[in-house]
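Engineer: the sequence isn't on hand, but the structure is:
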């Protein structure tokens, strides 16, 4: 077997964790707070079935759905993005600003291909999303973590690290962050956009969760404050439509979209047309808005049950984030509990989470007593059962 | 806007050609022999509609189709690949040998991510497939062309260039090649597999067309002769199921598949589950084999009409390949005709092709009087109309 490329050596550390997460999601006896899946009950199965039955015919869109597509995506879906997803955020766009891609993660890969040379520095949050770090590492970037607090990235630390490292990019999930559930304040959003402009750095704004708001006030995205085109806004349809459809989009300046067209062509030619058509119909039939209400209702209940379980079941010294939306909370156990070591106990009790250590990179100390808890994929009756198992495992470690 | 990565400078030369091809496919007045699409009439629209109507329900596979998937793909589709596509070629495989990807081109990207460092050499055919070269260039590889004749790559030239350039990979489409329509002989297949083993080089065997055989005897793939795991066999469902479903697969040693799992995770997490389920059902309901017969019947007729048009309409000195399958023939016009210059005349007459020059890279002289003619996407009644337009343009240049 021929030798692997150098970049493969950068990837090895966390791949097992990701693999284990996917595996734990398939064991029916384990209650998994590990994966980031949304509620199965919130999937628009009946709506998609009806759309497919009506439009995948020879008379309607069947032949188009099965034939080659364009690397930028079908115009109806791009227009739905512009009218139904970007405009309500105050983002003005034309078709030349939007490319459809194969899921949220693909934007991270395409933007990395476009901007990152080996050795380039990417500033990230602490904690940060492990799968995006894997992508940046695949492109041999060095990821440096900046300080965060309950209002998001600490801007002074970002600016200090910009001066120290001359980074190419800053990667953030400003709303209901994965893994912490935290949300950037308005001031931090504005300040980060301005830093991107002032230092000519790409701000990669990853926004898969902001539509899933259960409480609190909506905030404009970082991209809203971008005056120079330095912010690239990437998003996914996984949480508002369906993960299995593998759809996402990137919103950026036309000059960036034209380059992403080339990279997309050399990655997988174009995004599958079948689910693009199903998703465009979902929007154009007016099904999105009522379905989003259902999604929020289902997940709000799960969030509330989870918050109540954490407060009543975990040790009194436990700290945790109260998320206004999304799928995650970040739990900080008493100092002496190492959540990485504890995971084997938890798995034996058939409950899963992701140890906090996995979300830390160079630049900030890892927190061994933290864990990411996902509440989206577990039904409200099962959340207390799983949390009871987890609480027993935690108490046994005190 | 921040500066692009160095790799982007490698890509610029042919992206416009690819873009123009996609554009010419959407003008209804132009008869395009340019794109590589299969016949619209051969798309399994009714079959897919029926499958979707039956299985995308809550009781059946609807929730699975819309939920997160595994980076390796759904087991049923991998098993269908093993039983229905690999076994008939004499290739023995288990689930650990197969990963499902998002279309044929994605395998080229993932394998490049896995093996290619900047500056690595990839040996290719002359002419070679322009889109794959774009992928290798995106990874800053240097593509060197080797001599070909009517039996495929000239093995002596490949071995000489292995010694000269120490390449990392040899990329070939051994059956009904894109762009030439040519097929490697049995001896050349065996010899190339052996070269890969002897020099520890990856042979990347791209096989999207071999099922579309209209005449002549089936040949085993290069992978069949591989004793060391150096050959990686990649394929697409675009020609035997549907391009719009964006499905393909890679068949290789388990150690390579495990690494491709990591790369796939960091590219787009997993392949869309909706069309994986539709495609697996297509195989498991026994629909594939009769549908393949229909595909071959439709395209055989188009091939025959095209061959007859070339012989009767183009100048007597014209040489061309008689392809036993696939979608392409390679036409060599009299020396004085420059097909790149002529393309503007052709487009004005509403007929499109791809100029031969686009398919040549460093190492072999470009052939300016050649063109790739695709016969798959044009109905048999329109082929003579388009070829008459093209013949007029050619004769005007003599």
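Structural biologist: Cool, got the structure. Note that this is a predicted model, so its numbers are computed, not measured. Numbers count the residues shown, from 1 in each chain, chains lettered A, B, ... in the order given.
Engineer: SS state for the nearest residue to residue A:240 once chain neighbours are set aside?
Structural biologist: Excluding its sequence neighbours, the residue lying closest to residue A:240 (CB to CB, 6 or more residues apart in numbering or on different chains) is residue A:211, at 5.1 Å. All C-beta atoms are positioned from the backbone trio N, CA, C, and that covers glycine. Under DSSP: H, G, I helix; E, B strand; the rest coil, residue A:211 falls in the coil class.
Engineer: and what of residue A:331?
Structural biologist: Going by three-state DSSP: residue A:331 is strand.
Engineer: show me what it is bridged to.
Structural biologist: Residue A:331 forms beta bridges with residue A:320, residue A:371, as assigned by DSSP bridges.
Engineer: what's near enough to touch it?
Structural biologist: Shown in contact with residue A:331 (CB atoms under 8 Å, 6 or more residues apart in numbering or on different chains): A:310, A:314, A:318-320, A:370-373.
Engineer: buried residues in stretch A:328-345?
Structural biologist: For stretch A:328-345, the neighbour count (16 or more other CB atoms under 10 Å in any protein chain shown) marks A:328-333, A:337, A:339-340, A:342-343, A:345 as buried.
Engineer: let me fix that, I meant to ask about stretch A:92-104.
Structural biologist: Buried residues in stretch A:92-104, counted by 16+ other CB under 10 Å: A:93, A:97-104.
Engineer: same question, stretch A:189-199
Structural biologist: Buried, per 16+ other CB under 10 Å, within stretch A:189-199: A:189-197, A:199.
Engineer: okay if I get the buried residues of stretch A:328-345 as TSV plus distance to residue B:217 and pLDDT?
Structural biologist: Converted to TSV, the buried residues of stretch A:328-345 look like this (distance: CB to CB, whole Å; pLDDT from 0 to 100):
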residue	distance to residue B:217	pLDDT
A:328	58	98
A:329	63	98
A:330	63	98
A:331	65	98
A:332	68	97
A:333	68	98
A:337	68	97
A:339	62	96
A:340	59	93
A:342	62	95
A:343	57	93
A:345	62	94
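Engineer: hmm, which two among the residues you listed are most spread apart?
Structural biologist: The span of the buried residues of stretch A:328-345, defined through CB to CB, is set by A:328 and A:345 at 21.8 Å.
Engineer: residue A:97 reaches residue A:255, doesn't it?
Structural biologist: No - counting by CB atoms under 8 Å, residue A:97 does not reach residue A:255; the two are 10.4 Å apart.
Engineer: is any part of stretch A:379-390 close to chain B?
Structural biologist: No - Stretch A:379-390 stays clear of chain B (CB under 8 Å from any CB of the partner chain), getting no nearer than 13.4 Å.
Engineer: for that stretch, give the mean pLDDT please.
Structural biologist: In this model, stretch A:379-390 has an average pLDDT of 98.
Engineer: next, count neighbours for residue A:297.
Structural biologist: Look at residue A:297: counted by other CB atoms under 10 Å in any protein chain shown, it has 11 neighbours.
Engineer: and the gap between it and chain B?
Structural biologist: Separation of residue A:297 from chain B (CB to the nearest CB, to the nearest Å) stands at 18 Å.
Engineer: what about residue A:47, which SS state?
Structural biologist: Three-state call for residue A:47 (three-state DSSP): helix.
Engineer: contacts only, for it.
Structural biologist: A:282, A:287, A:291.
Engineer: please report how far the second one lies from residue A:211.
Structural biologist: In this case it means residue A:287. Counting by CB to CB, to the nearest Å, the gap from residue A:287 to residue A:211 is 14 Å.
Engineer: so those two - more neighbours on which side?
Structural biologist: Set residue A:287 next to residue A:211 and count neighbours by other CB under 10 Å: residue A:211 wins out with 21 against 17.
Engineer: wait, doesn't that one sit right on residue A:291?
Structural biologist: No - with contact defined as CB under 8 Å, residue A:211 does not count as touching residue A:291 (10.7 Å).
Engineer: mind listing the shared neighbours of the two?
Structural biologist: By CB under 8 Å, 6+ apart, residue A:211 and residue A:291 have these common neighbours: residue A:240.
Engineer: which ones among the contacts of residue A:47 lie within strands?
Structural biologist: Per DSSP state E, strands hold no members of those.
Engineer: close to chain B: what parts of the stretch 101-250 of chain A are there?
Structural biologist: Checking the stretch 101-250 of chain A against chain B by CB under 8 Å from any CB, the hits are A:101-106, A:109, A:113-118, A:120, A:131, A:134-135, A:137-139, A:168-169, A:200-202, A:228-230, A:238, A:242-247.
Engineer: ok, 6 Å please
Structural biologist: Selection of the stretch 101-250 of chain A residues close to chain B by CB under 6 Å from any CB of the partner chain yields A:102-103, A:105-106, A:109, A:114-117, A:134-135, A:138, A:200-202, A:229, A:242-246.
Engineer: what's stretch A:288-302 in contact with?
Structural biologist: For stretch A:288-302, contacts defined as CB atoms under 6 Å, 6 or more residues apart in numbering or on different chains pick out A:39, A:41-42, A:44, A:212, A:214, A:282, A:375-376, A:380.
Engineer: ok so, going back, which among the residues of the stretch 101-250 of chain A next to chain B count as buried?
Structural biologist: Here, 16+ other CB under 10 Å leaves A:102-103, A:105-106, A:109, A:114-117, A:134-135, A:138, A:201-202, A:229, A:242-246 buried among those.
Engineer: which of those fall in helices?
Structural biologist: Assigned to helices by DSSP state H, the following of these qualify: A:105-106, A:109, A:114-115, A:134-135, A:138.
Engineer: which among those residues gets closest to residue A:79?
Structural biologist: Nearest to residue A:79 among those: residue A:106, at 20.4 Å, using CB to CB.
Engineer: where in the stretch 51-200 of chain A is pLDDT low?
Structural biologist: The stretch 51-200 of chain A contains no residues with pLDDT under 70.
Engineer: residue A:79 and chain B: what is the separation?
Structural biologist: Distance, residue A:79 to chain B, by CB to the nearest CB: 17 Å.
Engineer: how many neighbours does that residue have?
Structural biologist: Per other CB under 10 Å, the neighbour tally for residue A:79 reads 17.
Engineer: the helices in the stretch 51-200 of chain A, which residues?
Structural biologist: A:62-66, A:75-80, A:104-115, A:130-138, A:155-165, A:186-199 (DSSP state H, counting those that start in this stretch).
Engineer: ok, which of those helices comes nearest residue A:8?
Structural biologist: Evaluated over these, closeness to residue A:8 peaks at helix A:130-138, with 8.2 Å, by CB to CB.
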